[in-house]
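A.B. asks: Fold the following, please.
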Amino acid sequence: MSRTLIKSVCKTAVAGLLLSSAVYAADSTGLMGIGASYYHFKSNDNIGLEHDYSVPSLDFRIGAKNSDWRFLLGYSLIKDDTVVGSTAENILVTGELDYIFYTVPMQNQTLFQPFIGGTVGYHGYKYGNTIDENGVAYGAQVGAIFDFEDFSIDTTAKYMDSSNDSANEFYGVSVGFNYKLKND
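C.D. replies: Model (predicted):
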């Protein structure tokens, strides 16, 4: 798993950095942030029994944003020890491209910006010592950004699927805090 993970992380990072550089160069601001997500997963164990479980995660992300687009490269490690029989572990390394379709000015120069977007990346799934799969994750999200002068806060609802056989179809909500890196 580690070799595949390293390759996937490297490919996603290179693609993300290229896209982020393009967005960053287009009169935008760099972002570095953290988030908290709550995902619901559907998975199968080694004998074909389906498990549903919900679990929180801490997300790390970096990216860029301008008035029309936002790109985030994110990493999430999602571990659940409460699954019957073993521990389920999901690793997500994703690139998220969001289109900001409207901007509403609010008090004190805060902007409310609803968005819609797509996600693609790496999904690693491990269930105890019996299942160890790696695949592609893809999905869509909708949410809103509250944009302040030095930082932004976002809320997102996300649905994703995976090419893995044992763990696919997961959805959830997240809240993120992004510090703005000044583009001087």
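A.B. asks: Name the helix or strand for Asn129, please.
C.D. replies: Using DSSP states H and E, Asn129 sits in no helix or strand.
A.B. asks: wait, what's in contact with it?
C.D. replies: Asn129 is in contact with Ser86, counting by Cβ atoms under 8 Å, 6 or more residues apart in numbering. Where C-beta positions appear, they are placed from N, C-alpha and C, glycine not excepted.
A.B. asks: Please apply the same query to the one 10 residues further on.
C.D. replies: With contact set as Cβ under 8 Å, 6+ apart, Gly139 has these partners: Gly118, Thr119, Lys158, Tyr159, Met160, Asp161.
A.B. asks: and Phe177, how many residues sit next to it?
C.D. replies: As a burial measure, Phe177 scores 14 neighbours (other Cβ atoms under 10 Å).
A.B. asks: Now do it against Tyr171, distance only.
C.D. replies: Here Phe177 is placed at a distance of 22 Å from Tyr171 (Cβ to Cβ, to the nearest Å).
A.B. asks: One more: Lys158?
C.D. replies: 6 Å.
A.B. asks: same check, this time on Ile131
C.D. replies: Counting by Cβ to Cβ - Ile131 and Tyr171 are separated by 21 Å.
A.B. asks: next SSE after the least confident helix or strand in the chain by mean pLDDT?
C.D. replies: Every helix and strand of the chain was ranked by mean pLDDT, DSSP states H and E. The lowest is helix 2-25, at a mean of 57. Next helix or strand after helix 2-25 toward the C-terminus (DSSP H and E): strand 29-44.
A.B. asks: the strands in the chain, which residues?
C.D. replies: 29-44, 50-65, 69-80, 88-100, 104-105, 111-127, 131-147, 151-162, 167-181 (DSSP state E).
A.B. asks: Reformat those strands into CSV and put mean pLDDT next to each item.
C.D. replies: Shown next, in CSV, are the strands of the chain (pLDDT from 0 to 100):
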stretch, mean pLDDT
strand 29-44, 85
strand 50-65, 84
strand 69-80, 87
strand 88-100, 89
strand 104-105, 88
strand 111-127, 91
strand 131-147, 92
strand 151-162, 94
strand 167-181, 89
